[in-house]
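Peer 1: I would like the atomic coordinates for the input below:
(chains A and B)
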Protein chains: 2
Amino acid sequence: MAKIGYFDDSKKEYVITNMRPRRPLSNYLWNELFLMEIDNFGFGESWLRISPEERRGLIYGGEASRMVYVKDRETGEFYDINRNYQNKQFDKYECHVGIGYQQLVNEYKGIETTFTVTVPTNGHAELWKLTAKNTSDTVKKIDLISYCRPAANVTTHLAYGHARYEESLDGLYYYHDAFAVDHDYSGIYIKASISPDSYDLSNINFKGTYNTWANPQGLSNDKLSNKGTSFDDSYCGALQFALELNPGEEKVIYVVVGISTGLDNAIELSAKYLQEGVFESTIAAVKREADDMDNLYIANTPDEYINTMVNTWLKRQISLGKTWGRVCSKGFRDIMQDTAGLAAFDGKMAREKILLCLAHQRPNGNPMRAFDPIARTPYYDGAAWIPATILAYLNETGDLSVLDEVCPYFECDESGTVFDHMYRGLRFLLDNRGARNMVLWGGGDWNDSINNTGYQQKGESAWLSIATVKALTEFCRICEIMGGKEDLIAKTKEEQAVLKAAILENAFEGDQFIYGITDWDEKVGSKENVEGQTYLNTQTWAVLANMLDEEGLNTVMNTVEEKLKCAFGYVQCAPAYTKKDEHIGRMAYFIPGGYENGSVYNHGVAFKIVADCMLGKADTAFDTLKLISYDNPANDDSGVEPYVVTNMYLGPQDPYRPGFSYYSWITGTAGWIYRGVTEFILGVSGEFTGLKIKPCIPSVWNEATVSRVYRGATYNISFKRTGSYKLIVDGETMDGCIAPIFPEGTTHTVVCEF
Amino acid sequence: MAKIGYFDDSKKEYVITNMRPRRPLSNYLWNELFLMEIDNFGFGESWLRISPEERRGLIYGGEASRMVYVKDRETGEFYDINRNYQNKQFDKYECHVGIGYQQLVNEYKGIETTFTVTVPTNGHAELWKLTAKNTSDTVKKIDLISYCRPAANVTTHLAYGHARYEESLDGLYYYHDAFAVDHDYSGIYIKASISPDSYDLSNINFKGTYNTWANPQGLSNDKLSNKGTSFDDSYCGALQFALELNPGEEKVIYVVVGISTGLDNAIELSAKYLQEGVFESTIAAVKREADDMDNLYIANTPDEYINTMVNTWLKRQISLGKTWGRVCSKGFRDIMQDTAGLAAFDGKMAREKILLCLAHQRPNGNPMRAFDPIARTPYYDGAAWIPATILAYLNETGDLSVLDEVCPYFECDESGTVFDHMYRGLRFLLDNRGARNMVLWGGGDWNDSINNTGYQQKGESAWLSIATVKALTEFCRICEIMGGKEDLIAKTKEEQAVLKAAILENAFEGDQFIYGITDWDEKVGSKENVEGQTYLNTQTWAVLANMLDEEGLNTVMNTVEEKLKCAFGYVQCAPAYTKKDEHIGRMAYFIPGGYENGSVYNHGVAFKIVADCMLGKADTAFDTLKLISYDNPANDDSGVEPYVVTNMYLGPQDPYRPGFSYYSWITGTAGWIYRGVTEFILGVSGEFTGLKIKPCIPSVWNEATVSRVYRGATYNISFKRTGSYKLIVDGETMDGCIAPIFPEGTTHTVVCEF
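Peer 2: The predicted structure is shown next:
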């Protein structure tokens, strides 16, 4: 890990010290309406969400989206502190990824410069703080230049746009007064806490048509051009501040870059954001909120990296996901899964998300795949995810009333209770079965890249059938909790048994489950196949759904170890397809090692960790977790940000970059890995009747502690290896593994021997 | 002009010698299916047209889309010959814009390198020729590296793509085998006439994640990486050739970059394109075709720049327009206008285009604005353009049969003859009149940025009414030519008189015509207005439509001189709107000086040249032409390519860059300027009965010659200023200004005294 930087847990920071990582390291700052992508150089787009479909950009991504230049007015030497386009040998060069901010720190020839960025807790602006400190013992005369590339062109019509310095704002204003645009966010403003000495509004002047970011034309002069611009396709926002710094002296400049509905609005907003203390109190507020979430579950294990991830960074990644993760591909099953994890943090929001999802379920029981009505891909798995999420919600909150909440079906006059939605979903699965009595494959299931196996309503998915078995178990548990539903439970169990038998008859090959059977009666994921012989998810879900006795499940999981393991995880299927197969669909067209076609797809690996724990294989579960973790040396050069988990590593069958991860961050993996560690390895999870404490701790750990808030009460749990399980709550030994529910606000001491 | 380069008429080349023009100078190479944009650095996208809606990219535009590097293997020094990212002091550095090719010539430290590009007369590939010559007196060991950025990702799914060196091709192949793509053009290939010594397929290796084009990582090693790549968002195609050159020795390498349907297809196509002599014969064929077109009208005036433009470059611009100009915004009236100009060059194609256009006319007579059925903007002017084009076609070809051709109406079962289409169009205009009896404005007319004045079917357009008057005159002339339509002519002239009277009553202000009256009864383009008081087109079209007697028209045109003239042309309207006006629409939201809102919109200026000529104002017409021409010193810094005419210069009311032209090339201006010079200033135009020769030559010219092919015969015309008009054809003085029609293939001597 030294290759990139280090965690500074005392500040909840990751400090990047290697400024030339394999690929730029991505990060986000956000509020409910505004999202800012920012890599270790400070680059990345930011935008306001106007509606589910429409964005209004603030800053463009790509090269030089945000820059801070320093120029020594005496020598004329200049450099940028963040991207270091000139390859200077800086004395110090760090990027601090913090909670609610990102900070670049640079020192060169006696000037220490910092560039800190945050976003307000609401509103649509970027708040910047620039400091310059003279660390030498002579007076320094420097220019500090803040720069960005504003997304000033709201429409593609350049003729609508112009930009100039506005006296009344004492800042830069970018007009784009387009005809017939359906929102009011016309203009961008840039204003600093002190008046700039000069400015540029266009790269024609600042960068120059033929210059580069290493050598912008504007910096060759004493001042920037102070020119306005119009009909421009390369707006910029550069502010030059001439500073004189005595030895040891530091000067601070705040800059706000924001979206407004007009000049007056910009004047008002910028005044608000530049008020003294706002920058600092903004960060403090974000930190406070994060601390509150972090404090709901604090783990202290012998593994520092796991502690840091669970206590801070996975929660941060989940937080981004809960607000923004599904903005672009709002999937029913994605939100359902996220919500199952969310229930432990925020019961109210979990309830809202459940209702939001169910409003996208069709009256036949099959939910939309994506919420976007145009992309009505006919996936069939949506309903299988409902019971687990409802059960997680009930277990965490005890709030049975959600089941009676009435919620509409999608695009029709019908509505039903949450319970009715859940049941109709199961009926959709149970009533749409193929010739072998397994569930129809339709347009796809979890593996949405197997998208051409079931269009003719003949292909059957073994995985979806197994997922249905699991969902029926969860449904029965919900009925049990509700009480008075014995007949329904009995009937459901009968149906479940029939489905299970069909799976075992048609999809079980002794040591593995196949993935399914296509419209053309071809097996997928079978020993009979030349490629795609073994799939990860049918094996792990066989455990999750309890498809076999323990011995059988162990056999199946041994197949996983044998066939799917690699140096940095477990591949989604093996061998990957190298031949295009129209009957399979998209997946067989992916490169071998790409996505479902044989990558280490971490969402699937998280299922395996859970499955291992369910079989009591503590060391295997832990080893699996460590294989995909950033601190596995095999992942040193994966490109992944140390402070997030990634969706996918290119699999070992990719001949060029096996193990490389192109993009991390937005993935359901974060939530599943988090639950794998907290609810399965550490084994602390809500049950309807109390807090279940059933660890599956690896042999390399002898003790650990967890502080967990459950229904408002705090459980301070100490795990101690003794060789036999015992649960002691407030000094009293429990019968079983459930700690009781306590009044909100109380704190309890729990010892769990294992 | 020296600032950018010079015309080399002997080679039909423009030679760019200034490699840092105000903006990159654009150029195109093309065939019917394949279009390549290429600026003076060699940058620009190229693509295959798969269908009217779908493109398949070959090379990406933007930075470094095509590069040629030279590396001295002994010193290690390297440079790119085309963009000169390192700012070397080259000994020679030229870009030759030729007919069918573009060539970069570079000399540095004893190596002369050329990079010539062409496209095949059909097919979808770029053909490159690289030469390296040792101009020193010692042996040189160099690497020549060809480089491009292929648009390998057909879809956005990176997982479909990989690329590698293929033995069987002895070249680079980029696979993108996507599932369910509806065309076969999956792969890109790059192959040279000799085997490369090394190669790169990804910028990860060639450029390096943090390097620049000035200093690509790949060139720091002895060889390129020879690595394949997959899941890549930054493919490249670099081939390194190690050459040893004796003093005076030159080596030639051909490279083809093309689109294929698969590897076998790539092998076949590349072999074809790399066959000996294909490169040279391709250019020869394009030149031959251009020469044939050029020879249809050769002017020799005292103005070298006008000669060059008319004889070669405007025709080239028109040629691009006729094939590609309207691909993106296929407008009825645009193609109709282009076709009127095209008739003189290619009667057959003009006929086809007329029928194509009319198939996009609705049965109510109003044509589509754009052919794209989704963008059904309700413009009302389409029909007004039909008679002029048909008349031009008849005048040029004498082919009356087109009028009886039956052609469908848009999206219905009806069809009608071309004559019927034309008449229905006029009926649409005549039958959709407002309270003042002028033609309804609808969603807009020529000025499609005044797009909110007539939605309520009340606003009336004075310009469209005047255009209708003009169209009715042309219609009557067509009827006359057809014969036997005296009743229709009489009835039409009556209707025309009524319309004319309505215009004079409601839209004439003594020295100008207003532009129209909105749905809200507000005048546009009137002295009553504070902004947009005078519009260019209503005045010039008043002349074209003969709305007043000569004195009246002169008064109106004097208003144009007084109110609309600036240092580089005539603005479209003045004063430009600075206040948004919803009743006007888009135009009033444009920046002052942008597009219709007060730019020098050259399409409109071309109308003015014609109007001046119609009033016999030869010097004014000529001065107008010279004002907007590249050789007006006021346009020195306009950004415009000297070898094209531009659509628009930002008007004088733009405070930042008045006179700047962001983009030239694709504009109807080329055709109208061409006709202004050839048919009005030089005054040689087809009439149904013969070739009309009625010059309007400026006082600075005393003589000129024109060689013109008309209906297959060549007319060698000498103009001589004598002070009185006389037309002598083959020694015989004509009565009037029409030279007779002669048998195809004959040549005739014409003297025109004026």
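Peer 1: Output the set of residues of the stretch 651-754 of chain A in proximity to chain B.
Peer 2: Applying Cβ under 8 Å from any Cβ of the partner chain, we find that the stretch 651-754 of chain A lies next to chain B at A:654-657, A:660, A:662. Where you see a C-beta, it was placed from the backbone N, CA and C, and this is true even at glycine.
Peer 1: Identify the residues contacting whichever residue of the stretch 501-650 of chain A sits closest to chain B.
Peer 2: Nearest residue of the stretch 501-650 of chain A to chain B, counting by Cβ to the nearest Cβ: residue A:594, 3.7 Å away. Residue A:594 makes contact with A:650-651, A:654, B:158-159, B:230-231, according to Cβ atoms under 8 Å, 6 or more residues apart in numbering or on different chains.
Peer 1: likewise residue A:164?
Peer 2: A:172-173, A:201, A:228-229.
Peer 1: Please determine how far residue A:270 is located from chain B.
Peer 2: 23 Å (Cβ to the nearest Cβ, to the nearest Å).
Peer 1: ok, and the closest non-adjacent residue to that residue?
Peer 2: Using Cβ to Cβ, 6 or more residues apart in numbering or on different chains and skipping residues adjacent in sequence, the residue nearest residue A:270 is residue A:191, 4.2 Å away.
Peer 1: tell me which element that neighbour falls in.
Peer 2: strand A:187-192 (DSSP states H and E).
Peer 1: How about residues contacting that strand?
Peer 2: Counting by Cβ under 8 Å, 6+ apart, A:58, A:146, A:148, A:150-152, A:169-176, A:237, A:239, A:241, A:253-263, A:265-266, A:269-270, A:274 sit against strand A:187-192.
Peer 1: helices or strands up against whichever helix or strand comes after that strand?
Peer 2: Moving toward the C-terminus from strand A:187-192, the next helix or strand (DSSP H and E) is strand A:198-202. If you count contacts as 3 or more Cβ pairs under 8 Å, 6 or more residues apart in numbering or on different chains; DSSP states H and E, strand A:198-202 packs onto strand A:161-166, strand A:171-176, strand A:235-245.
Peer 1: Strand A:187-192 and strand A:198-202, what's the angle between them?
Peer 2: With axes from the mean of the first three to the mean of the last three Cα atoms, to 10 degrees defining the directions, strand A:198-202 sits at 160 degrees from strand A:187-192.
Peer 1: Now do the residue nearest to residue A:363 when sequence neighbours are not counted, the pLDDT please.
Peer 2: Spatially, and ignoring its direct neighbours in sequence, residue A:363 is nearest to residue A:409 (4.2 Å; Cβ to Cβ, 6+ apart). Residue A:409 is assigned a predicted lDDT (pLDDT) of 96.
Peer 1: Next: residue A:614.
Peer 2: Per-residue confidence (pLDDT) for residue A:614: 98.
Peer 1: give the contact list for it.
Peer 2: The contact partners of residue A:614, taken as Cβ under 8 Å, 6+ apart, are A:543-544, A:680.
Peer 1: Out of those residues, flag the one nearest to residue A:343.
Peer 2: Checking these against residue A:343 with Cβ to Cβ, the nearest one is residue A:680 at 15.9 Å.
Peer 1: Is the closest one part of a helix or strand, or is it coil?
Peer 2: Look at residue A:680: counting by DSSP: H, G, I helix; E, B strand; the rest coil, its state is helix.
Peer 1: do the same with residue A:106
Peer 2: Once three-state DSSP is applied, residue A:106 turns out strand.
Peer 1: And for the worst-scoring helix or strand of chain A on mean pLDDT, what's in contact with it?
Peer 2: When each helix and strand of chain A is scored by mean pLDDT, DSSP states H and E, helix A:332-342 comes last, with a mean of 87. Applying Cβ under 8 Å, 6+ apart, the external contacts of helix A:332-342 come out as A:318, A:321-322, A:325-326, A:349-350, A:353-354, A:356-357, A:360-361, A:367-371, A:381-382, A:385-386, A:388-389, A:392-393, A:446, A:668, A:671-672, A:674-675.
Peer 1: related to what we said a few turns ago, looking at the contacts of residue A:594, spot the one nearest residue A:116.
Peer 2: For the contacts of residue A:594, the minimum distance to residue A:116 (Cβ to Cβ) is 33.5 Å, reached by residue B:158.
Peer 1: can I assume the closest one is in contact with residue B:235?
Peer 2: No. Residue B:158 is beyond contact range of residue B:235, at 10.1 Å (criterion: Cβ atoms under 8 Å).
Peer 1: quick one, which of the two is more surrounded?
Peer 2: Comparing residue B:158 with residue B:235 by other Cβ atoms under 10 Å in any protein chain shown, the one with more neighbours is residue B:235, at 26 against 20.
Peer 1: for that one, what are its contacts?
Peer 2: By Cβ under 8 Å, 6+ apart, residue B:235 lies in contact with B:149-150, B:152-153, B:161, B:163, B:174, B:201-203, B:229.
Peer 1: And those, which is closest to chain A?
Peer 2: Distance to chain A, by Cβ to the nearest Cβ, is smallest for residue B:229 among these, at 5.2 Å.
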